[in-house]
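Student: got a sequence here, can you model it:
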Amino acid sequence: MAVNLTDLSMPQLEGLKTQLDQEVEFLTTSIGQFKIVQTKYVEAKDSLNVLNKNNKGKELLVPLTSSMYVPGTLNDVEHVLVDVGTGYYVEKNLEESKAFFKRKIEFLTKQIEKVQPALQEKHAMKQAVVEVMIMKSQQLQQSQQGSQTAATTKA
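Tutor: Presented below is the predicted three-dimensional model:
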């Protein structure tokens, strides 16, 4: 059901603007989170490039936590453990791992492409509401000035 914005009162327009602000913020946050996860998958996929026969036996730092690393040696350059979600890890070879990360990156790209038009639509709707609010505010000021002028003229 379409509603003509000019038929809404100022409080209704303010409520609609608040709702649209919240929706824009939610969609913007969602896109941001998708991009963060997508970047992590890209980095994980890129990190697989160091796994080659030339690096076998080399020393490296192994992350235990986000801020604690321990020294280690790279022994297996053909298999990795991949976090497939909810704390589950699966051993995969390099090609399977690259394919997994590629699928995840493509999925996130599609999700971002789905949300982007909705975000743009909400922005446009919000702008339309703001313009109607400005117009109604100006009309109210003009009518108040007109009534003040009429009251001054009678006195």
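Student: who's in contact with K136?
Tutor: T6, M10, L13 (C-beta atoms under 8 Å, 6 or more residues apart in numbering). In this view, the C-beta of every residue, glycine as well, is placed from N, C-alpha and C.
Student: so which of the residues you listed wins on neighbours?
Tutor: The residue in the contacts of K136 with the most neighbours, by other C-beta atoms under 10 Å, is L13 (18 neighbours).
Student: what's in contact with stretch 66-76?
Tutor: For stretch 66-76, contacts defined as C-beta under 8 Å, 6+ apart pick out L51, N55, K56, G57, K58, E59, L60, L61, V62, P63, L64.
Student: widest-spaced pair of these?
Tutor: Distances among those were taken as C-beta to C-beta; the most separated pair is K56 and L64, at 22.2 Å.
Student: and the closest residue to T28 other than its chain neighbours, helix, strand or coil?
Tutor: Nearest in space to T28, with sequence neighbours left out and distances taken as C-beta to C-beta, 6 or more residues apart in numbering, is L119 at 6.5 Å. Three-state assignment for L119 (DSSP: H, G, I helix; E, B strand; the rest coil): helix.
Student: still on that earlier bit, name the member of the contacts of stretch 66-76 with the most neighbours.
Tutor: Most neighbours among the contacts of stretch 66-76, by other C-beta under 10 Å: L51, with 18 neighbours.
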